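Trainee: Mind looking at a prediction? Sequence and model below.
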Amino acid sequence: MSNDERRFHLWIPQEEVDELEKKPMAISADRGLDFSSHGNILSQGLQEVMTAYSNLQNDSLSEEDIVVFKMVLPEGEDIYAKRDIAEKEGLKINAIKDKRHAVVSTNKSMFQRLQDRVGTYRDSGSLKHFQYVEEFEPFSTEEKQARSLKKYLAEQKDSLSVDVQMMFIPNLSDEIQDKAARRLTVKINEMEGSLQAEPYKLSDGTTVVRAVIPIKNLEAVSSDAVIYRVEQTSFFQVSPSGLNLFGSEMGLSPDIDINALPAVAVLDSGVNFPADFSALVPIHWQASSCSGSGGPHGTAVASKVVFAHIGMQLAEPYLTPRAKVIDCDIYGSDTKVPSDVMAKRIEEAVSAFADVCKIFNLSTNASRPIDGDELSIMGYHLDSLMKQYIIKFVISAGNHELAKSSSSLEEILEDDDIRVAEPGDAMLGITVGAVAGITHNNAFSEANIITAYSRTGPGFAGFYKPDLVTYGANLCHDLTVPRDPYSIVMAPNGRLAVDCGTSFTAPVVAGDLAEMLDVTPNSDVMLAQALLYNGAQHLWNTKKITQEEADYIGNHYGRGLSSPQNCKYSSQYKVSFLRSGSLKRLTKEHVKFLMPSPQAALRGNNTTKVTITCVTNPPIDKTKGSQYLGAYISASLHKLDKNRNLKVANPKVSDNRTKWDTCYHFSNIFSGFTSGDWEVWLDLSTRWGTENDDEIPYALVITIEDLTKTNDIYAAIMTEAAGRFQPITSIRIPVR
């Protein structure tokens, strides 16, 4: 877009928002059970819990006044709605496995009371809240072990031991956890295992113990009552870059003020740009537990942040940067880093630079796909840092090696091992996949199709991942990487190379986000994210698409191809309305925007496209399993009909409108309609733990586009709105 075509986005002020009261209601119907037979089932379950405890030997909780077990609700019920049952019976909900299954605890006297009260329910039918409990049961060792760990144990033939991380039951007191950690350490040593590091705690205070344990003794250790989950330790590594090195004599454009460029922190193996480019890396930093220097990976990643697709500029006399980078070396000379160490290094980097940088690129993943039933430890760690510091991680989806054993892209896409890798399941970050930029002979993918190395969704709990895709290198059947504008990266000291991987698409999007941040009021990184999602380009035809097709596309391409040039500015044919706000549990909002009259006067089909994006920053809680996110905001489009009444105008297929996700994003195309004030209705849904006065932030972008490119709708809106919506450069936006 030329400078003459640029228009500044319009701000939706508070005066254009109607706030309404919301009155949540929940009514439980009597289940009509035979309380005698149902009470017997509950009593038997509690007896099995006690039997399981009596069989535990050398248990870390055996000396504590605590009993841990499971409470299971009937099909269709939700722990959130029935949490008062636990409260009435003195049960603490320690963790949620899914909507129906909760891990709970109580002291031994309250457990005896529970047994007695279940007996009263069985014998008399009183205490009717027990009808909403399907059963009580022990928390089994089988449930504690991650699916990927079970798969590894089933497939391994030569390994005698396994490196695992054992997460304690959440929401235990620090005193109980510390004593249990000491006892578990003794138990591990007695079982011929070895602690790999001192026990550490997640940001919610839950203890994690990492140890190498003989496989023959793994079940005995996993059965300890203090353990909630056992999974293989993830190791993070970066692959070496530097294929097909070739020279470059290019310098930097003298017209760019580098000091004015937005910054992105690159958490990688170190950045080594040539001396002439040193101003692009004003800070070099290394984590305190690192030493030595790493390979070329960090330099290649940083080049994608700074120049996007550097190959597109090779015909120009100078390279034009769009961002500068803060070099955060979290590898040093290490080639493989365990997750507990990596978590500390990442947190150290964020703590050091969050005040001056809001975008952190992380192009490193575990080697195996996520399980998906529980958010990964590193995914949760990144989410926690994003909540604490108000930053955004841009994360690679991860790479797989299925091309080595597959004959076609279709075969690759059908393999379960293609799923995103930790920490690409982080719900608050932006996970990036790769699509081929160029069609090559003998390549797996045609242009605009997902590459043969990029991991895909679904992410945690079935949510869409990746969030965005961008162009990357293609991959040929002989596993070579052809040189094209999207495969070229910068190697240390200014030489160029070709390489493939989502390591090099994530930083492109990190730079895209930085471009958005540069034109966003108050440098609001969540609003910049919403803008980038709003302008993402579809790589598919959405006409008459089915829900199954929409889900398939969403899990391969997310919201589409990252296209900063498509959303950085408005134009005469395309206008974006922006708003940052927040909702409380008992409020909802109707947000107005203006559909101009010249657009309504157009004749013909498919004249106008409206795109809605609402990104939220909800509470998070790893102990709640699939109910990890504590809130979401739904967005619904309402247009004026011929009688000037508001009518729902959402698309028929639920594209990116998923409950309990962090973003509502959809488009609809219109042919005939009435001009005037259309509305987007925002409705907040919350889970327990959210108080009535808690504010859930959101960033909203509404875009109107004249598909016929006939009308100057920007000018029409400015005239008809008469100052209601101001360009973002001419107003002061209150800081949330």
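Mentor: On my side now, so go ahead.
Trainee: chain center to stretch 204-221, what's the gap?
Mentor: 27 Å (Cα atoms, centre = their mean, to the nearest Å).
Trainee: Now do that stretch, average pLDDT.
Mentor: Averaging the model's pLDDT scores along stretch 204-221 yields 94.
Trainee: And stretch 702-718, by the same measure?
Mentor: 97.
Trainee: which one's the longest helix in this protein?
Mentor: helix 35-55 (DSSP state H).
Trainee: on contacts alone, who are the packing partners of it?
Mentor: Contacts defined by 3 or more Cβ pairs under 8 Å, 6 or more residues apart in numbering; DSSP states H and E place helix 35-55 against strand 67-72, helix 108-124, strand 135-137. For the C-beta atoms, the positions are set from N, CA and C on the backbone; glycine is no exception.
Trainee: Deepest-packed of the ones you listed, please.
Mentor: Ranked by mean neighbour count under mean count of other Cβ atoms under 10 Å, the helices and strands packed on helix 35-55 are led by strand 67-72, which reaches a mean of 21.
Trainee: ok but residue 19 is inside a helix, no?
Mentor: No. Assigned with DSSP: H, G, I helix; E, B strand; the rest coil, residue 19 falls outside any helix and is strand.
Trainee: For burial, what's the neighbour tally of it?
Mentor: Residues within reach of residue 19, counting by other Cβ atoms under 10 Å, total 14.
Trainee: And the pLDDT for it?
Mentor: So, for residue 19, pLDDT stands at 94.
Trainee: Please look at it and residue 589 and confirm they touch.
Mentor: Yes. Counting by Cβ atoms under 8 Å, residue 589 is a contact partner of residue 19 at 5.6 Å.
Trainee: Touching, residue 269 and residue 331? I think so.
Mentor: Yes. Between residue 269 and residue 331 there is a contact at 4.1 Å, judged by Cβ under 8 Å.
Trainee: Find residues that contact each of these two.
Mentor: Both residue 269 and residue 331 are in contact with 238, 294, 298, where contact means Cβ atoms under 8 Å, 6 or more residues apart in numbering.
Trainee: Could you point out which of those is nearest to residue 282?
Mentor: residue 298 (15.5 Å; Cβ to Cβ).
Trainee: tell me the SS of the closest one?
Mentor: Residue 298 - assigned by three-state DSSP - is helix.
Trainee: Which of the three states applies to the residue nearest to residue 183 when sequence neighbours are not counted?
Mentor: Distances taken as Cβ to Cβ, 6 or more residues apart in numbering place residue 60 nearest to residue 183, at 4.2 Å, with adjacent residues excluded. The three-state label given to residue 60 by three-state DSSP is coil.
Trainee: Quick check: phi and psi on residue 60?
Mentor: phi -70, psi -20 (degrees, to the nearest 10).
Trainee: Look up how far residue 54 lies from it.
Mentor: For residue 60, the distance to residue 54 (Cβ to Cβ, to the nearest Å) stands at 16 Å.
Trainee: Looking at these two, which is more packed in?
Mentor: A count of neighbours by other Cβ under 10 Å puts residue 60 above the other of residue 60 and residue 54, at 23 against 8.
Trainee: Quick check: the more buried one vs residue 170, distance?
Mentor: Distance from residue 60 to residue 170, by Cβ to Cβ: 15 Å.
Trainee: cool, and residue 454?
Mentor: 33 Å.
Trainee: okay, the two: which has more neighbours?
Mentor: Each of residue 454 and residue 170 has its neighbours counted (other Cβ under 10 Å); residue 454 has more, 29 against 22.
Trainee: Check which helix or strand the spatially closest residue to the more buried one that is not a sequence neighbour maps to.
Mentor: Spatial nearest neighbour of residue 454, chain neighbours left out: residue 434 (4.1 Å); criterion: Cβ to Cβ, 6+ apart. Using DSSP states H and E, residue 434 maps to strand 430-436.
Trainee: Next secondary structure after that strand?
Mentor: Using DSSP H and E, the first helix or strand after strand 430-436 is strand 468-472.
Trainee: The helix or strand following that following strand pairs with which strands, and in what direction?
Mentor: As assigned by DSSP H and E, the chain's next helix or strand after strand 468-472 is strand 488-490. According to DSSP bridges, strand 488-490 has the following sheet partners: strand 496-498 (antiparallel).
Trainee: Who are the packing partners of the helix or strand that the partner strand is followed by?
Mentor: Next in sequence after strand 496-498, counting helices and strands by DSSP H and E, comes helix 506-517. When contacts are defined as 3+ Cβ pairs under 8 Å, 6+ apart, helix 506-517 packs onto strand 263-268, helix 297-307, strand 359-362, strand 392-396, strand 430-436, strand 468-472, helix 525-534.
Trainee: if we look at the third one, which residues are touching it?
Mentor: The contact list for strand 359-362, computed with Cβ under 8 Å, 6+ apart, reads 262-268, 301, 305, 328, 346, 349-350, 353, 382, 391-396, 423, 506-507, 510, 513-514, 517, 525.
Trainee: try the first one
Mentor: Outside of strand 263-268, the residues within contact range by Cβ under 8 Å, 6+ apart are 238, 294, 297-298, 301-302, 305, 323-331, 345-346, 349-350, 353, 356-357, 359-364, 507, 510-511, 513-514.
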